[in-house]
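Q: task: produce atomic coordinates for the following.
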Amino acid sequence: MTEFSANLGFLWAELSLPDAIRAAKRAGFDAVECHWPYDTAPELVSQALAETGLSMLGLNTRRGDVEAGENGLAAIPNREEQARRFIDEAIDYAVKINTPNIHVMAGFASGEAARAVYIENLKYACEAARPHNITIMIEPLNHYDAQGYFLSTTSEAKSVIEDVGHSNLKLMFDCYHVQLMEGDVSHRLEALLPLIAHIQFASVPERAAPDQGELNYRHIFDVIKGLGYSKPLGAEYKPDGPTEPTLSWMKDHR
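A: Numbers count the residues shown, from 1 in each chain. Sure thing, here's the model as predicted:
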């Protein structure tokens, strides 16, 4: 049976994080994940996870100055000190709530200087996370939603992972972003499987529930299952209104 994780950055976003965890449990999700949990005390998150029996699969490093349009700092030259504080903060929070994956956000940048900074910050993150058995993830974002983001394709991500050279640096493969930038999702999943720590999905191009749009998720989920990948798949889509009425896909795809 295919298992699913609710991304609480989008699903039940109107609720507090602990209450969103409880809502995900009631809806039948097998796990949860989030974006930036830092305004919620980790003890409250841990309590909700223990109460529901769900695990928190992943969280992101902070974006930086959101009002100024920042979307991560790890690839921004001359911001290394703050980027590493965000990495340390994410690791500390992940340890407290027993989360195995951290997405280190790159930010809006380009060029060789940015790449060099990104690689060094990722090396720092991997070394700091290793004693806690935490995997560091990087994620290509499409240039429609995040124009100018440092990482936009899986080939770029693969090159960065190879250059960092740490076994606990992996790829977060979001089918939505990959389809918009590259297409050929099934073959890319197969080729990149050894590098993948987590898979997310949403309809394309609307970023809505997966029962619409140009991707056939019945086929995609069958491909993933056939590859032997059995971790929960992350529902990271934007519901049009309350979350519950958008969940009929989950019963169909189990």
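
Q: right, and the helix or strand after the helix or strand harbouring A50?
A: Per DSSP states H and E: A50 is located in helix 42-52. Moving toward the C-terminus from helix 42-52, the next helix or strand (DSSP H and E) is strand 58-60.

Q: if you count neighbours, what's buried in the next helix or strand along the chain from that following strand?
A: Once strand 58-60 ends, the next helix or strand along the chain (criterion: DSSP H and E) is helix 80-97. Residues of helix 80-97 classed as buried: A83, R84, F86, I87, A90, I91, Y93, A94, I97 (neighbour count, 16 or more other C-beta atoms under 10 Å). To be clear about C-beta, it is placed using only N, CA and C from the backbone, and glycine gets the same treatment.

Q: please apply the same query to stretch 53-65.
A: Applying 16+ other C-beta under 10 Å to stretch 53-65 flags L54, S55, M56, L57, G58, L59, N60, T61, R62, R63, G64 as buried.

Q: tell me where the chain has strands.
A: Under the criterion DSSP state E, the chain carries strands at the ranges 4-7, 31-33, 58-60, 101-103, 135-138, 169-174, 196-201, 233-235.

Q: tabulate those (TSV), appending distance to K158 and mean pLDDT.
A: Putting the strands of the chain into TSV (distance: least, C-beta to C-beta, whole Å; pLDDT from 0 to 100) gives the following:
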stretch	distance to K158	mean pLDDT
strand 4-7	24	98
strand 31-33	23	98
strand 58-60	20	98
strand 101-103	16	98
strand 135-138	10	98
strand 169-174	7	98
strand 196-201	11	98
strand 233-235	20	98
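
Q: can you list those in a markdown table and add distance to V117?
A: As requested, the strands of the chain are exported to a markdown table (distance: least, C-beta to C-beta, whole Å):
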| stretch | distance to V117 |
| --- | --- |
| strand 4-7 | 28 |
| strand 31-33 | 27 |
| strand 58-60 | 18 |
| strand 101-103 | 17 |
| strand 135-138 | 14 |
| strand 169-174 | 15 |
| strand 196-201 | 22 |
| strand 233-235 | 28 |
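
Q: A41 is nearest to which of these?
A: strand 58-60 (14.2 Å; C-beta to C-beta).

Q: who's in contact with the closest one?
A: Residues outside strand 58-60 that contact it (C-beta atoms under 8 Å, 6 or more residues apart in numbering) are 33-37, 90, 93-94, 99-105, 137, 172, 198, 234.

Q: if you set the cut-off to 7 Å instead, what comes out?
A: Here strand 58-60 makes contact (C-beta atoms under 7 Å, 6 or more residues apart in numbering) with 33-37, 90, 93-94, 99, 101-103, 105, 137, 198.
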